[in-house]
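K.L.:
let me see the structure of the following:
(chains A and B)
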Amino acid sequence: MSEKSKKVSLPWFGIPKIMPYLKPYRRTIIAMMIMGCLTSLIDSVYPLFNRYALDHFVAEGTMDTLPLFVISYLVILAAQVVMNYISISQCGAIEMYVDRDLRNASFSHLQELSFSYFNQNNVGYIHARVMSDTGKIGELAAWRMMDIVWNGTYLIFVLVMMFLVNVRLALYVIMLVPAACLIIGFLQKKMIELNRRIREINSRITGNFNEGITGARSIKTLVIEETMDSDFRKETEKMRKTSVHAVRYSAFFSASITMLSSAALAIVLWQGGILTMQQVTQIGTLSVFMSYAMNMLEPIQMLIETIAALIGIQVNIERFTRLMETESDVMDSPEVIEKYGDMFSPKKENWEELKGDVTFKDVSFRYPDGNEMVLEHFDLDVPHGTNVAIVGETGAGKSTLVNLVCRFFEPTEGQILIDGRDARERSQLWLHSNIGYVLQTPHLFSGTVRDNLRYGKPDATDEEIMEALRLVSAEFVIQKMDKGLDSDVGEGGDMLSTGEKQLLSFARAILADPRILVLDEATASIDTLTEKAIQDAISTVIKGRTSFVIAHRLSTIVDSDVILVVKDGKIIERGRHRELMKKKGYYYDLYTRQYEEMIVNTVTA
Amino acid sequence: MEERKYPTRLKMVGHFLRGSKRWFFLAVIFACLVSLFELISPKLIAFTVDSVIGDQVPDVTGMVKTLLEAAGGTAYLKGHLGMIALLIMAAAFASALCRYLFRLFNAKGAETLVKTMRDDLFSHILRLPFQWHSENHTGDIIQRCTSDVEQIKMFLSEQLTSLIRILILITLAVWYMFGIHKTLSLTAVAYIVIVVSYSYYFHHKIGDAFEKVDIEEGRLSSIAQENLTGVRVVRAFGRETYEKEWFEKQNAHYTGLWVHLLNILAAFWSSGDLISNLQILVILAMGSALCVRGSLSAGNFIAFISYNSMLIWPTRALGRVISNLSKAGISIDRLMYIMNAEEEKDDDNAAEPPMNGDICFEHVSFRFANANAEALNDIDFTIKAGTTVGILGGTGSGKSTLMYLLDRLYDLPEDSGRITVGGTDIRMIRRNWLRSHIGMVLQEPYLFSRTLEENIRIASQKSDRNEVRRAARIAALDETVGHFAEGYDTYVGERGVTLSGGQKQRTAIAQMLIRKPPVMIFDDSLSAVDAETDARIRRSLQENTAGSTIILISHRITTLMNADDIIVMDQGRVIEHGSHDELMEKNGIYRKIHDLQYSQSEQEEDHE
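P.N.:
As a prediction, the model looks like this:
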């Protein structure tokens, strides 16, 4: 899932795709464009004041019209300042508002996307869609458009002015334009390519920093500082070389711009000088031409840069729209939304109480990014209050069933019934609000312990929180921290150990008082004594609740109502512990391995 | 407070500049030349307008006069205006060449500087104590190493050189202007003072606003980050609306700040326009009047206007550059924070003794910097060379801390007991020597974004594919790797495949085995592996690690019971110590844990 900037080409630079986001601001945008034209017009008028001063005041030796001169200058200046202020602040506001809308839209959309999206794209990649693509697009919508208006109209005005003042001189100057466009265009292309490479190296360097810091413990224990260091130096050296190489082009670029504008100046002085000597034009005209000739190249350069930017931004637009067009694999039907409300505006008054009967009816399932069926015609009836255990080797696919129960994925064929009705007949939010979930790798949000525990039940009181902590014997975690429930858990909960995080996420799940409880390898890194306490808590908590427990240690699940044994993604055995032991199959093997080991060891010791 | 290595900003910058100084020096020289050549054109134009196109006697002396006369005087030039055009082009070429060289040298300086800063930071960070790593946030440090580095580069390579260039340009332009007309020049100079102080004041003010915006952006970004990392939790609790509202609220707040900031900026820019254009008006009016009175020639007037217009942008930029000084200063401080942190260092008399001796913990006590209770309390036991020792303990019992002390990830303070290997206090052993002889597999191992093979032999670069495979076989990883399409060349991490917890642990075990260290520590490193694989790995370890001292940390009795010696820890103390049999005999905690772990299986067997 690397973030390579591919060449993307969309019709009209992809602008039509973001039109819906510009629509609310169309009036302001149009007003801005008109104002941009006017400010450019004023900019191109200024040299005429010089001309007037030289041709009238200086050449004719009179100051008679000075008051009028000053007043008209001031009027134009005032108009320009006001319009400039408005267009800069409004343009900035549009940029920011479009940014904001895009970010909100993408964030909301992500809340509704199914897990297959998150499985296929890493967090950094998705994060960049929300935070950086949107910024680039907002910039396009506001400043790039304004740049085109400003520079385009300025260029047109200057050309028109030149032709109005003197056609011959204007023609001489215009000859330089194609040359300028060619040089700028060529170098620009080269520089974009190099800048892309620089960005790639740069992201690798950031990645290296990340490794050097997050992997500090491993680097130290492995004593590989030297290796890491020399690998890093290779990257930074590559960066230095590429950057200097890129500057060669951009330096050549700015040098040629200097040359070109001087050429324009030289031509004007030469040919204009002859005309002036022949009394065809006046000195003021010559001076006006000189300033036009010198100022003409900057807008050309800006225009070409803008076009290059537009080409570059297509990638961002494409990525953004691809995200927005990604449909969730799991979606509520319009009828369901009609009745139960959508993700963001649930109609809780229509929600039925969930009892917790779960039925797999002839379910076949294939992961959206996989090509093999991992479940085929699977049937399982889990009446409410039943405890289901799922066991198997690491990576055997134990999470699949849980993902289906939670409706993180939907069956490829067949149905999953919740309380006798197809899960798809009720909203996802309804189901999720009734499920408690403890992950293998516990995730806490930065904030206080209280914030985290309340996540599933925002209105929980401190008493309820403490009660939940007691149930999972996690009070010691709180007592250990200096501010109790108000203690900060750190970024991603990293102030706590994995075991502590797990205990807290367990308490969090219990606090939400769910009808269905899912424990995904949750007991893997909690010590035996705490684990025993949790098991006791579990047996009280799961009473009356449907539960699915994924466990490594088989001794923890012997009391389960049903044990499903998974191997290579498929369920190969099912039944109660006693039955499975009698069967002497794969489960029996797994289970007795621990037991046999112990016998062997006690005998030999 | 110990003495800091880089006490002042200047010292810090001086250190970073060590390889790039000469490039910046060359850049500044060429920057001066650029200004010099740029200032020639207006002079040429003034001369042309007045003495070639007009009829004034040229106001030149010395060498220029001699040159002019040799060329045939103004009369010749009147017929050959093209010569002047050529002269302008020549000056332009010289200026363009100097500009090219300026940019090139400046870039060399800037890139060398960035490389030096990054290399220094990275290599320093690698060698900072683990304590420092656990006290500082990754995101914050990365930001310092990326955006603050960028900030300093920008300042030194773009702003400082342009500051010098601008100052030279202004000085020269003002010099020329004074040569043309004094009163007019004074007016122009007055403007410079106004604009510079105005823009300085302003940029100083918005600096804070920018900082605020940055902070809010960081917050917004981490809300998104946490939402995405915790997407499963968000979904499982059905808290999408809450997340969405939270994000939108922060997003609105952040946007609002930006809009406000842009308003100030707009006010600044347009008022800047106002001041500049007013100044032009004054110059135009005054200049015209002076021309009318005959104290200024038309050509000189045009030249003066050119000089004046050359000044407008540099002066407006000057204020920004000056105010950025403080911004860059903050960035330097932020890097100084890292660079001044003390690296791990060895005692001057540190030795490299043989590491295959007994390991003794002698009355070891340890307390973390900000904790209010001892993490370890009077730990005292010996691990005989070549034996296997198991450590059993609950969450937070201090068993990992003990190992971190042994590997000197944390340093044991002077009066808190001592740890010896083969009789030598580990404080007197070179860190790298110590660590390379102690292999430690962590519970949550970190894999690097490289291929699987590179990961396994990362600490033993000389190993070949066969040794990699051998280590992987012992760690029960070889078979798993066989399932990967690219085998050992499979890329791991961010840009490659994600391994499961158990696969990571097994990779880390292979990573350690290939080094064949005399001391091996397994810090709960089979926790994510199922019992069957666990047993398989332990069996093959037993066969392949003969002679090594092995420390097994676990809370799985089966993992520990084979050990020659078992230590049971609770709340930083050793509460039981002995062999499996002795501990079972003792009927204490160990026995209790054992029974809990096995009770059901025994019952089961009875029924069978």
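
K.L.:
in the one helix or strand residue A:26 maps to, what's buried?
P.N.:
Using DSSP states H and E, residue A:26 falls within helix A:26-52. Judged by neighbour count using 16 or more other Cβ atoms under 10 Å in any protein chain shown, the buried positions of helix A:26-52 are A:28-29, A:32-33, A:35-37, A:39-44, A:46-47, A:49-52. Glycine gets a C-beta too; all of them are placed from N, C-alpha and C.

K.L.:
three-state assignment of the nearest residue to residue A:359 once chain neighbours are set aside?
P.N.:
Closest residue to residue A:359 apart from its sequence neighbours, by Cβ to Cβ, 6 or more residues apart in numbering or on different chains: residue A:417 at 4.0 Å. Three-state call for residue A:417 (DSSP: H, G, I helix; E, B strand; the rest coil): strand.

K.L.:
from the chain's centroid, how far away is the lengthiest helix in chain A?
P.N.:
Longest helix in chain A by number of residues, with DSSP state H as the criterion: helix A:66-112. Relative to the centre of its chain, helix A:66-112 is centred 27 Å away, using Cα atoms, centre = their mean, to the nearest Å.

K.L.:
what of stretch B:478-497?
P.N.:
That offset, for stretch B:478-497, works out to 30 Å (Cα atoms, centre = their mean).

K.L.:
next one: stretch B:364-379
P.N.:
32 Å.

K.L.:
other residues contacting that stretch?
P.N.:
Defining contact as Cβ atoms under 8 Å, 6 or more residues apart in numbering or on different chains, one finds that stretch B:364-379 is touched by A:482, B:131, B:135, B:361, B:363, B:380, B:398, B:401-402, B:405, B:410, B:412-413, B:416-419, B:571-574.

K.L.:
average pLDDT for the one helix or strand residue A:244 maps to?
P.N.:
For residue A:244, the host element (DSSP H and E) is helix A:225-267. Mean per-residue pLDDT for helix A:225-267: 89.

K.L.:
show me the domain layout of the chain.
P.N.:
Looking at chain A here, since you left the chain open. A:1-165+A:306-329, A:167-280 (automatic domain parsing).

K.L.:
could you do chain B instead?
P.N.:
Annotated domains of chain B cover B:9-339, B:350-437+B:517-608, B:446-515 [automatic domain parsing].

K.L.:
quickly find the element holding the closest residue to residue A:131 other than its chain neighbours.
P.N.:
Using Cβ to Cβ, 6+ apart and skipping residues adjacent in sequence, the residue nearest residue A:131 is residue B:221, 5.4 Å away. Element membership for residue B:221, per DSSP H and E: helix B:182-229.

K.L.:
picking up where we left off before, columns distance to residue B:464 on top of the domains of chain A, output as TSV?
P.N.:
Output for the domains of chain A, formatted as TSV (distance: least, Cβ to Cβ, whole Å):
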stretch	distance to residue B:464
domain A:1-165+A:306-329	29
domain A:167-280	17
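
K.L.:
residue A:489 is nearest to which of the ones you listed?
P.N.:
Residue A:489 sits nearest to domain A:167-280 of all the domains of chain A, at 18.0 Å, using Cβ to Cβ.

K.L.:
start to end distance for that closest one?
P.N.:
The straight-line separation of the ends of domain A:167-280 (Cα to Cα, to the nearest Å) is 12 Å.

K.L.:
stretch B:379-393 now?
P.N.:
14 Å.

K.L.:
how far does that stretch sit from the chain's center?
P.N.:
Here stretch B:379-393 is found 40 Å from its chain centre; the criterion is Cα atoms, centre = their mean.

K.L.:
ok, now stretch B:49-56?
P.N.:
For stretch B:49-56, the distance to the chain centre is 61 Å (Cα atoms, centre = their mean).

K.L.:
what bits of the chain have low per-residue confidence?
P.N.:
Picked chain A for this. Counting by pLDDT under 70, the low-confidence segments of chain A come to A:1-8, A:393-396, A:440-441, A:492, A:494, A:521-538, A:540, A:552-553, A:555-556, A:592-605.

K.L.:
not quite, I wanted chain B
P.N.:
Within chain B, the segments meeting pLDDT under 70 span B:1-3, B:59-63, B:323, B:370, B:395-396, B:493-498, B:527-528, B:530-532, B:596-608.

K.L.:
gap between the residue of chain B positioned farthest from its centre and chain A?
P.N.:
Here chain B reaches farthest from its C-alpha mean at residue B:75, the gap being 65.4 Å by Cα atoms, centre = their mean. Residue B:75 sits 12 Å away from chain A, going by Cβ to the nearest Cβ, to the nearest Å.

K.L.:
neighbouring contacts of the host helix or strand of that residue?
P.N.:
Applying DSSP H and E as the criterion places residue B:75 in helix B:73-79. Helix B:73-79 is contacted from outside by A:277, B:48, B:51, B:52, B:58, B:68, B:71, B:83, B:84, using Cβ under 8 Å, 6+ apart.

K.L.:
after that helix, next one along is what?
P.N.:
helix B:81-126.

K.L.:
report the angle between that next one and helix A:225-267.
P.N.:
Here the directions of helix B:81-126 and helix A:225-267 differ by 170 degrees (axes from the mean of the first three to the mean of the last three Cα atoms, to 10 degrees).

K.L.:
returning to that earlier point: which ones are touching the residue nearest to residue A:359?
P.N.:
Going by Cβ under 8 Å, 6+ apart, residue A:417 touches A:357, A:358, A:359, A:361, A:423.

K.L.:
what is it paired to in the beta sheet?
P.N.:
Applying DSSP bridges to residue A:417 gives these bridge partners: residue A:359, residue A:422.

K.L.:
any idea how far it is from residue A:379?
P.N.:
From residue A:417 over to residue A:379 the distance is 11 Å, taken as Cβ to Cβ, to the nearest Å.

K.L.:
also residue A:354?
P.N.:
Distance of residue A:354 to residue A:379, computed by Cβ to Cβ: 21 Å.

K.L.:
show residues contacting stretch A:303-311.
P.N.:
Against stretch A:303-311 from outside (Cβ under 8 Å, 6+ apart): A:13, A:140, A:144, A:147-148, A:151-152, A:155, A:181, A:184-185, A:188-189, A:192.

K.L.:
tabulate those residues in CSV, adding columns for distance to residue B:374 and secondary structure.
P.N.:
As requested, the contacts of stretch A:303-311 are exported to CSV (distance: Cβ to Cβ, whole Å; DSSP: H, G, I helix; E, B strand; the rest coil):
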residue, distance to residue B:374, secondary structure
A:13, 65, helix
A:140, 59, helix
A:144, 62, helix
A:147, 64, helix
A:148, 68, helix
A:151, 70, helix
A:152, 73, helix
A:155, 76, helix
A:181, 75, helix
A:184, 70, helix
A:185, 71, helix
A:188, 65, helix
A:189, 66, helix
A:192, 60, helix
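
K.L.:
among those residues, which ones are buried?
P.N.:
By 16+ other Cβ under 10 Å, the contacts of stretch A:303-311 give A:13, A:140, A:144, A:147, A:148, A:151, A:152, A:155, A:184, A:188 as buried.

K.L.:
residue A:347 against residue A:336, yeah?
P.N.:
No - contact criterion Cβ atoms under 8 Å: residue A:347 and residue A:336 do not qualify, at 10.5 Å.

K.L.:
of the domains of chain A, which is nearest residue B:107?
P.N.:
Using Cβ to Cβ, these put domain A:167-280 closest to residue B:107, at 3.5 Å.

K.L.:
now do the SS call for the nearest residue to residue B:427 once chain neighbours are set aside.
P.N.:
Take residue B:427 and drop its neighbours on the chain: the residue closest to it by Cβ to Cβ, 6+ apart is residue B:347, 6.3 Å away. Classification of residue B:347 by three-state DSSP places it in coil.

K.L.:
the closest residue to chain B within the stretch 51-200 of chain A: how many residues sit nearby?
P.N.:
Closest to chain B within the stretch 51-200 of chain A is residue A:92: 3.1 Å, counting by Cβ to the nearest Cβ. For residue A:92, the neighbour count with other Cβ atoms under 10 Å in any protein chain shown is 20.
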